[in-house]
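*Asks:* any chance you can model this:
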Amino acid sequence: MDHVSLLFQIIVSVSVYFVWIFRYHNVVAEFKQFGYSDVFRNFVGAAKMSISALLIIGLWYNDITQYAAIGMAFFMLSAQITHLRVKNPFKQRLPSLVFLLMSLFVAAFDCGLI
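*Replies:* Residues are numbered from 1 along each chain as shown. Prediction:
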């Protein structure tokens, strides 16, 4: 289970960086569709990238892993709520749902619940 949790940390972190760096044009389009401001989009991006960095650092300093995973789960849950609010199809909600579940797994494992 330890290896699964570490793998999930890496997958979530790298994926967030990939989306916010290489697929930023999609992020801009989605936030416009959601009706959110550019300032809010930039705040979310900076926060998610910072949390991703904490997840990576948590590979060596386990004390921060739980907090970073819960923070990422919060953003992924918020993404789910937003996708539901604008009635996006399941296909568009799937990535944030998978990352939400991975983040919750990492947090639960780090707490000793799993």
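*Asks:* residue closest to the middle of this protein?
*Replies:* Met72 (4.4 Å; C-alpha atoms, centre = their mean).
*Asks:* and whichever helix or strand that residue is part of, average pLDDT?
*Replies:* With elements taken from DSSP states H and E, the one containing Met72 is helix 65-85. For helix 65-85, the mean pLDDT works out to 96.
*Asks:* quick one: contacts of it?
*Replies:* 9, 12, 16, 34, 44, 47-48, 51-52, 54-55, 57-58, 92-93, 96-97, 99-100, 103-104, 106-107, 110-111 (C-beta atoms under 8 Å, 6 or more residues apart in numbering). Yep, even glycine has a C-beta here, placed from its N, CA and C like the rest.
*Asks:* let's see 6 Å
*Replies:* 34, 48, 51, 54-55, 58, 92-93, 96, 99-100, 103-104, 106-107, 110-111 (C-beta atoms under 6 Å, 6 or more residues apart in numbering).
*Asks:* flag every buried residue along that helix.
*Replies:* 65-66, 68-73, 75-76, 79-80, 82-83 (16 or more other C-beta atoms under 10 Å).
*Asks:* what do you get for stretch 16-23?
*Replies:* For stretch 16-23, burial by neighbour count (16+ other C-beta under 10 Å) applies to Val16, Val19, Trp20.
*Asks:* what's near enough to touch the closest residue in space to the first one that isn't next to it in sequence?
*Replies:* Going back to what we said before, that points to Val16. In this structure, Val16 finds its nearest non-sequential neighbour in Ser52, 4.4 Å apart by C-beta to C-beta, 6 or more residues apart in numbering. Ser52 makes contacts with Ser13, Val16, Tyr17, as judged by C-beta under 6 Å, 6+ apart.
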